[in-house]
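# here is my input; please provide its structure:
(one chain, ligands or ions: 1)
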Amino acid sequence: MVVVGGGFGGLQAVRSLRRAPVDVTLVDRRNFHLFQPLLYQVATGALSPAEIATPLRVVLKRQKNVRVVLGEVRDFDLDHRRLVLDALANGDDGLVIPYETLIVAGGSRYSYFGHDEWRPFALEIKSLESALAVRRRIFTAFEAAEIEQDRKRREAWLTFVVVGGGPTGVEMAGQIAELARDTLSRDFHSVDPRRARILLVEASERLLPAFSPRLSTRAAHTLQELGVTVLLDTSVVDLDEESVVSKGPGGRSTHVPTRTIVWAAGVVAGELSGALAAASGAALDRTGRVAVGPELTVEGHPEVIALGDMVSAHDTAGNEVPLPGLASTAMQQGRYAARSVRRRARGKSSEPFQFVDKGNLATIGRAHAVAEIKGIQTSGMLAWLIWLSVHIFYLIGLQNRLLVLTRWAFSFVTRGRGARLITGESAAPATAGTATVSGSESNS
Ligand SMILES: Cc1cc2nc3c(=O)[nH]c(=O)nc-3n(C[C@H](O)[C@H](O)[C@H](O)COP(=O)(O)OP(=O)(O)OC[C@H]3O[C@@H](n4cnc5c(N)ncnc54)[C@H](O)[C@@H]3O)c2cc1C
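Predicted structure coming up:
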């Protein structure tokens, strides 16, 4: 059988098949499993990329029934039960892999609400590369402010706009605020990083819509205490390299000069969802997720299971079963898919997938988080400790768990961040002029 995607859902399915009498081929276009919930810590210099990503071959090295193939799935030929792969490591395209049973867990991506032209200016945090690009932009902004002579331009460098008030937006805004207030506060000569403005823009009336209104309010208060300006009922209507235009309550339009925009809004299914729908005739919903039935199979193809962020689940009556787009959903579905495969191998049919709500967690900053687990709501230090334990528990690999725990303990005590590197291409903007560096902050 073949599993596409070594993310939360796909990898869980593969690992749950370790004792099953099947040969598994795992296909992914990346050679590593990425722990996306901690990407924002890479983006803000708290963690290094390798601490949240583990090579798939390392994760699966003891699992004898698995073969890992590095390649990008381009097409599904469901009638002939085979996949077509591109971007192979040897430079070839068009490798065909046959299967008897197929599990597809291709994940999601960010949508720019029809404004793909915003993509280069408002960076998303979805892949390691994009997190590193955000990191580069944030740390470059402080460096640029340090040498900027013009007051208005310096303020723009020190203005950070995060779009989207879900967990990732909240986490990013909180981290940038702590970075400016704590980590960098004494590192610069001409500029005071504590004067940075951090704006969190959310189109709906509250942050963290998946949480109770009480915890949303709590999160907003904590962010405000950290120095974040929370703009609710506010939509971004335009942006470019140097500014964001938003429309707030009452339709009031605001123009904010900024050089750093982080995009954390509008998740839609990854492209594999569309390819699977095109091949099977299954429906796509408005966020591009392919419809699957109660056993997570694609209509007309009981041998094809799809799961995780790329699917919308339906019950036996054909009604959608709303499930959160979370790692825990994908992992439960991955385990369920493996169970279905084992049952089928024994000639048994599957029970419908039952989701178990494990709750919601979001961290806001050092010792601040909100948690809602089995109806119990908590915030502050206790929620933060729960958040910390859960993330360490689910992080793949003992080495990464120990490394991350050590880093967090060190950062907690020192308020430092060990991965504040500006790597990659030069981040200097095309519009940069010449300047003379002065010894103190100028008001010109
Ligand atoms: C910044 C961020 C923070 C998050 N924080 C949390 C959190 O705190 N808690 C939580 O529960 N969830 C969180 N999530 C959501 C969680 O990461 C997703 O719900 C989860 O990753 C979904 O699992 P999946 O298996 O469907 O997809 P993924 O884990 O995204 O895996 C998809 C895999 O498919 C591969 N793939 C995609 N297309 C192809 C192709 N064409 N060919 C080959 N391989 C392909 C990808 O390389 C990837 O390995 C966060 C997500 C993000 C982006």
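# what comes up buried for stretch 59-66?
Buried residues in stretch 59-66, counted by 16 or more other C-beta atoms under 10 Å: Val59, Leu60, Gln63, Val66. C-beta coordinates here come from the backbone N, C-alpha and C atoms, glycine included.
# contacting residues for the closest residue to Pro55 other than its chain neighbours?
Distances taken as C-beta to C-beta, 6 or more residues apart in numbering place Phe32 nearest to Pro55, at 5.0 Å, with adjacent residues excluded. Residues in contact with Phe32 (C-beta atoms under 8 Å, 6 or more residues apart in numbering) are Gly6, Ala53, Thr54, Pro55, Leu56.
# got it, and Ala327?
Under the criterion of C-beta under 8 Å, 6+ apart, the contact list for Ala327 reads Phe8, Gln36, Pro37, Tyr394.
# closest to the ligand among the buried residues of stretch 59-66?
Val59 (11.7 Å; C-beta to the nearest ligand atom).
# burial check on Ala371, number of neighbours?
Using other C-beta atoms under 10 Å, Ala371 has 23 neighbouring residues.
# with Leu179 instead?
Residues within reach of Leu179, counting by other C-beta under 10 Å, total 24.
# from the contacts of Ala327, list the buried ones, please.
Among the contacts of Ala327, those scoring as buried are Phe8, Gln36, Pro37 (criterion: 16+ other C-beta under 10 Å).
# within reach of the ligand, which of those residues are there?
Residues of the buried ones among the contacts of Ala327 in contact with the ligand (C-beta under 6 Å from any ligand atom): Phe8, Gln36, Pro37.
# correct me if wrong: Ser328 contacts Leu361.
No. Proximity of Ser328 to Leu361 does not meet the contact threshold set by C-beta atoms under 8 Å, at 9.9 Å.
# so the two - more neighbours on which side?
Ranked by neighbour count (other C-beta under 10 Å), Ser328 and Leu361 place Leu361 first, with 22 against 19.
# hang on, that one in a helix?
No. The assignment for Leu361 (DSSP: H, G, I helix; E, B strand; the rest coil) gives strand, which keeps it out of a helix.
# that one and Ile176: what is the separation?
20 Å (C-beta to C-beta, to the nearest Å).
# for the protein, name the helix or strand with the lowest mean pLDDT.
Every helix and strand of the chain was ranked by mean pLDDT, DSSP states H and E. The lowest is helix 398-414, at a mean of 87.
# and that helix, what does it pack against?
In terms of contacts (3 or more C-beta pairs under 8 Å, 6 or more residues apart in numbering; DSSP states H and E), helix 398-414 is packed against helix 381-394.
# who's in contact with the helix it packs on?
With contact meaning C-beta under 8 Å, 6+ apart, helix 381-394 is reached by 35, 37-38, 327, 361-363, 366-371, 373, 378, 401, 404-405, 408.
# with secondary structure and pLDDT added, can I get the contacts of Ala327 in TSV?
Listed next are those as TSV, based on DSSP: H, G, I helix; E, B strand; the rest coil; pLDDT from 0 to 100:
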residue	secondary structure	pLDDT
Phe8	helix	98
Gln36	helix	96
Pro37	helix	95
Tyr394	helix	90
